[in-house]
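>>> Output the structure for:
(chains A, B, C, D, E and F)
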Number of protein chains: 4
Amino acid sequence: MSEKEDLLVGEFPFIPRQVRAQQKREALLESGQALFTLNGYEQTTAKEIAAHAGVATGTFYRYFSDKRQLLMALLEDKIDNFLAPEPHWFSSNPESVLASLLEVRARRLQQSGLYRVLPEILSKDMELAEVMKEARLKIHERILFGLKQINEKGLTWNDLDLDTVAWSIMVLVENGHEKEKQSGNRVNYSEMAKVICRMVFPPDILEQLQNHNE
Amino acid sequence: MSEKEDLLVGEFPFIPRQVRAQQKREALLESGQALFTLNGYEQTTAKEIAAHAGVATGTFYRYFSDKRQLLMALLEDKIDNFLAPEPHWFSSNPESVLASLLEVRARRLQQSGLYRVLPEILSKDMELAEVMKEARLKIHERILFGLKQINEKGLTWNDLDLDTVAWSIMVLVENGHEKEKQSGNRVNYSEMAKVICRMVFPPDILEQLQNHNE
Amino acid sequence: MSEKEDLLVGEFPFIPRQVRAQQKREALLESGQALFTLNGYEQTTAKEIAAHAGVATGTFYRYFSDKRQLLMALLEDKIDNFLAPEPHWFSSNPESVLASLLEVRARRLQQSGLYRVLPEILSKDMELAEVMKEARLKIHERILFGLKQINEKGLTWNDLDLDTVAWSIMVLVENGHEKEKQSGNRVNYSEMAKVICRMVFPPDILEQLQNHNE
Amino acid sequence: MSEKEDLLVGEFPFIPRQVRAQQKREALLESGQALFTLNGYEQTTAKEIAAHAGVATGTFYRYFSDKRQLLMALLEDKIDNFLAPEPHWFSSNPESVLASLLEVRARRLQQSGLYRVLPEILSKDMELAEVMKEARLKIHERILFGLKQINEKGLTWNDLDLDTVAWSIMVLVENGHEKEKQSGNRVNYSEMAKVICRMVFPPDILEQLQNHNE
DNA sequence: CATGAATGAGCCTTCATTCAT
DNA sequence: CATGAATGAAGGCTCATTCAT
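Now for the predicted structure:
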């Protein structure tokens, strides 16, 4: 077999250095995510992650200084996923907006499953805890701001504390994905959206909004 | 009191074995709770717990088969605290009932602080996770049952899914104590109760109920 | 068998707690010395030392924070051995004093063999290096002081630099024990003493001293 | 000079493989020496040496089978430096010969600093230890031979053991460079030479030799 | 031949658990 | 029954050495 033939077929699996390294890093991240999700953070060892990614222990430490750093790298990308995105009340029918928002978020979380380790870490990692706290605060403020806008237009209940409503929305959105576990069947995000909307809009106003936006 | 006097008085100050043992067990439980709360479960060693309780390391294992069992013993008493208690809608003014319920629960949780380790454990302990899940399910069912009762009497919104409402109530009650962290100031449980009630009762009906029960 | 009999024979191997612990510590120290001497400091692991002492790895860390600390404990006792003791020129026949001094020191060193690891450590442990340096300086000063005294009485060569002589004595004494390795046969410390004395005393004066002190 | 010119001029600036290889080897050796001297043998990693020499880790192993071999290569050249050179008593004024010999040797040692790692290695490398021992033995014999020659001519003290004198000279020469550390100021090698000569020559004979050789 | 990523044996250290006293 | 020293498995991490590119 000539060398040329070799080149045509044999060298195919060649991948430039950086890409390969990137892939390895990626594999480690994925393994980390999988194992953290499956067994928890403390229960997962660097060695296990490496093995699961198909590399040696030492390789782990080439890409990450330690377990914590890998987790941070994982969270960096996904931290937004863990937090409730704020709904936009005006853009269109609030209920359906909220419903799809809930669904998308739930799907993302379910995908990674990483949110399960967050509580475990937050108690040990003040830094991360602070980051998360601030992020939640920001979300809360955004929701509150949206509520204030529609409140000024007289669209909301006027006997509820908007701050508390904003907080309730955030909590419900954040936990929406967990309903599934409980009920077993698929979560009905429309119903959830309806309930959330009831905290904001009196029924008649909501109806107006929906008609208007159709 | 000198030792001699002790002898003269007889065996009175003698504390029966079981009592002494009970005291040690109690001390270990308290130390465990304190340290788990402070440093987390994994971060707390059996030696530390024993030292904090003023007994030898080996004594720890006379009262508990291992660290996990001590945690279980702690949880056994308090597991109800972690879960949202179901509100009783009829007994009196629903809002104030809910408000005090939220407050009591928050205070209990804050007191023990033990709920912080729950997430850490749940990932490792399928058994406990199952117990928790079932407990939540039961709570959910109870809330749902209550809702159905008042629904049959036409007291609730009739366009909301009661199952979803029940779940929302549970989630909000369960997370109520965390609002404090966010806002900084004390949580206003009355407002929270009001928001929750809005998911259940139309405003006019709620007013009726309140007048009626006063 | 009564308890009394037990006490007479059965409890013989009982050794009070502290003594036992002390023995274990001692065993670890000895093992450390033996292995450091045999294989060098870096080449010796805590695990090896523990195994050699007949205890588990963890036990090592009950008695010493780490390898370095064990070494320090070893050196604490013996640091004086590594250094040349100063001779007393007046007390009696200088040659024989020096000879026995050389011999005693050599025997001590040989016994421990620990001096072999010193150079290995000194390069890494600035602290220890400083301690050793100061100790040597002190020795040098003492020797120099002794030389000055006899120099004032006109007993020494008067064309030699006493500081250099003192240093030479120190070096020769410090290395005396190594002559053995070279020659194979036993070191003749008397001859060594004679040579050292020749750096200090003119032959006639030395003879006078010896006659006088006999 | 531009690259183009290079091409025009032809292959002149091309450095033959062997030369380039030689350069790399040289660079590695120098880096090894520098780092061994600075941080000690065990503390220096192959990676560091390679990086310091500006080559890849793997390249290190193309030139040296392992870290030890690099050290050996370093030592091979310099082993003579570590050992006391034998003085030539006749050539000229013994004192000045010895003084300059001491100084040259000290300078060489100071330059490489490599002698500092010797003790660390000797304990691990029986082979090297043997080589060193034999080298010292040879030096000793040469010094002894020189002493015997002048002894036969009646130039030395006749009541000293020449073997011991030879050993003392060797030790003092070997350690001469360390006096500096102690005293702080520069070592006065003339005084050191004088002291060493006193172990060999009676003062009057030394004076004769000096006059004779001037 | 150079490169530097990958390997994995092995060291240090901790800690849940046991057991002789 | 209490004690706390002892155990040793297991995790975190390093680094000499190899090997695919």
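
>>> any idea how far A:Gln43 is from A:Ile143?
Counting by C-beta to C-beta, to the nearest Å, the separation of A:Ile143 from A:Gln43 is 35 Å. C-beta coordinates here come from the backbone N, C-alpha and C atoms, glycine included.

>>> Those two: which is more packed in?
A:Ile143 (25 against 16; other C-beta atoms under 10 Å in any protein chain shown).

>>> What helix or strand is the more buried one located in?
Taking DSSP states H and E as the criterion, A:Ile143 maps to helix A:126-152.

>>> in that helix, what counts as buried?
By 16 or more other C-beta atoms under 10 Å in any protein chain shown, the buried positions in helix A:126-152 come out as A:128, A:131-132, A:136, A:139-140, A:142-144, A:146-147, A:150-151.

>>> what's the answer for stretch A:73-83, then?
A:Ala73, A:Leu74, A:Leu75, A:Lys78, A:Ile79, A:Asn81, A:Phe82, A:Leu83.

>>> Can you tell me which of these is closest to DNA strand E?
A:Ala73 (15.4 Å; C-beta to the nearest atom of the strand).

>>> That closest one touches A:Glu30, doesn't it?
No. A:Ala73 is beyond contact range of A:Glu30, at 11.4 Å (criterion: C-beta atoms under 8 Å).

>>> what residues are shared contacts of the two?
By C-beta atoms under 8 Å, 6 or more residues apart in numbering or on different chains, A:Ala73 and A:Glu30 have no common neighbours.

>>> Which helix or strand in chain A has the lowest average pLDDT?
helix A:3-5 (a mean of 45; mean pLDDT, DSSP states H and E).

>>> by contact count, what packs against the helix or strand just after it?
Once the chain leaves helix A:3-5, the next helix or strand it forms, by DSSP H and E, is helix A:17-39. Helix A:17-39 makes packing contacts with helix A:46-53, helix A:57-63, helix A:67-82 when contacts are defined by 3 or more C-beta pairs under 8 Å, 6 or more residues apart in numbering or on different chains; DSSP states H and E.

>>> could I get those helices as CSV with mean pLDDT and distance to D:Val195?
Output for the helices and strands packed on helix A:17-39, formatted as CSV (pLDDT from 0 to 100; distance: least, C-beta to C-beta, whole Å):
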stretch, mean pLDDT, distance to D:Val195
helix A:46-53, 96, 61
helix A:57-63, 96, 56
helix A:67-82, 84, 62
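
>>> any idea whether A:Thr156 is helix, strand or coil?
coil (DSSP: H, G, I helix; E, B strand; the rest coil).

>>> Can you report phi and psi for it?
In terms of degrees, to the nearest 10, the main-chain angles of A:Thr156 are phi -110, psi 170.

>>> Please work out how many residues are found near it.
21.

>>> ditto for the one 10 residues further on
A:Ala166 is flanked by 24 other residues according to other C-beta under 10 Å.

>>> What is the helix or strand encompassing it packed up against?
Secondary structure assignment for A:Ala166, by DSSP H and E: helix A:162-175. Judged by 3+ C-beta pairs under 8 Å, 6+ apart, the packing partners of helix A:162-175 are helix A:94-112, helix A:126-152, helix A:189-200, helix B:162-175, helix B:179-183, helix B:189-200.

>>> Try it again at 7 Å.
Under the contact criterion of 3 or more C-beta pairs under 7 Å, 6 or more residues apart in numbering or on different chains; DSSP states H and E, helix A:162-175 touches helix A:126-152, helix A:189-200, helix B:162-175, helix B:189-200.

>>> Convert it to CSV, retaining C-alpha atoms only.
Presented in CSV, the C-alpha positions along helix A:162-175 are these (Å, rounded to 0.1, in the frame of the first residue of the first chain):
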residue,chain,number,x,y,z
LEU,A,162,-45.7,43.9,43.9
ASP,A,163,-42.4,42.9,45.5
THR,A,164,-44.0,39.8,47.0
VAL,A,165,-45.7,39.0,43.7
ALA,A,166,-42.4,39.3,41.8
TRP,A,167,-40.8,37.0,44.3
SER,A,168,-43.6,34.5,44.0
ILE,A,169,-43.3,34.4,40.3
MET,A,170,-39.6,33.9,40.5
VAL,A,171,-39.9,31.0,42.9
LEU,A,172,-42.7,29.3,40.9
VAL,A,173,-40.8,29.6,37.6
GLU,A,174,-37.6,28.4,39.3
ASN,A,175,-39.3,25.3,40.6
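
>>> Quick one: residues in contact with that helix.
Helix A:162-175 has contacts (C-beta atoms under 7 Å, 6 or more residues apart in numbering or on different chains) with A:84, A:102, A:105, A:139-140, A:143-144, A:147-148, A:151, A:196, A:199-200, B:168, B:171-172, B:175, B:179, B:182, B:188, B:191-192, B:195.

>>> got it, and stretch A:200-210?
A:Asn93, A:Pro94, A:Leu147, A:Leu155, A:Thr156, A:Trp157, A:Val165, A:Cys197.

>>> can you pull the contacts of the fifth one?
With contact set as C-beta under 7 Å, 6+ apart, A:Thr156 has these partners: A:Leu147, A:Ile150, A:Val200, A:Phe201.

>>> Now flag whichever of those residues is closest to DNA strand E.
Nearest to DNA strand E out of the contacts of A:Thr156 is A:Leu147 (C-beta to the nearest atom of the strand; 46.7 Å).

>>> how about the nearest residue to that closest one, chain neighbours excluded?
Using C-beta to C-beta, 6 or more residues apart in numbering or on different chains and skipping the chain neighbours, the partner closest in space to A:Leu147 is A:Leu162 (4.7 Å).

>>> now A:Leu28
A:Ala53 (4.7 Å).

>>> That neighbour: neighbour count?
By other C-beta under 10 Å, neighbour count at A:Ala53 equals 23.

>>> dump the residue contacts of it.
A:Ala27, A:Leu28, A:Ser31.

>>> wait, what's in contact with A:Leu102?
Applying C-beta under 7 Å, 6+ apart, we find A:Leu102 in contact with A:Val173, A:Gly176, A:Tyr189, A:Met192, A:Ala193.

>>> same thing but at 8 Å, please
A:Leu102 touches A:Val173, A:Gly176, A:Val187, A:Tyr189, A:Met192, A:Ala193, counting by C-beta under 8 Å, 6+ apart.

>>> Distance check, the fourth one against C:Thr156.
Look at A:Tyr189 and C:Thr156: by C-beta to C-beta, they are 103 Å apart.

>>> next one: the second one
Using C-beta to C-beta, we find A:Gly176 at a distance of 97 Å from C:Thr156.

>>> now do the first one
Taking C-beta to C-beta as the measure, A:Val173 falls 96 Å from C:Thr156.

>>> ditto for the third one
A:Val187 sits 101 Å away from C:Thr156 when distances are taken as C-beta to C-beta.

>>> How confident was the prediction at A:Leu155?
On pLDDT, A:Leu155 comes in at 91.

>>> Skip the chain neighbours and tell me the closest residue to it.
In space, A:Leu155 is closest to A:Ile205, 5.3 Å off (C-beta to C-beta, 6+ apart).

>>> which bits of chain A sit near DNA strand E?
A:17, A:20-21, A:24, A:54-59, A:61-63 (C-beta under 7 Å from any atom of the strand).

>>> 6 Å instead?
Of all the residues in chain A, those in contact range of DNA strand E (C-beta under 6 Å from any atom of the strand) are A:Arg20, A:Ala21, A:Lys24, A:Val55, A:Ala56, A:Thr57, A:Gly58, A:Thr59, A:Arg62.

>>> what about the residue nearest to A:Leu147, distance to A:Asn151?
Relative to A:Asn151, A:Leu162 is positioned 6 Å away (criterion: C-beta to C-beta).

>>> Please apply the same query to A:Ile169.
Taken as C-beta to C-beta, the span from A:Ile169 to A:Asn151 is 14 Å.

>>> Need the residues touching each of the two.
Joint contacts of A:Ile169 and A:Asn151 (C-beta under 8 Å, 6+ apart) do not exist.

>>> Pull the contacting residues for the most centrally placed residue in chain A.
Centroid check for chain A by C-alpha atoms, centre = their mean gives A:Asn81 as the closest residue, at 2.0 Å. The contact partners of A:Asn81, by C-beta under 8 Å, 6+ apart, come to A:Arg105, A:Arg108, A:Leu109, A:Ser112, A:Tyr115.
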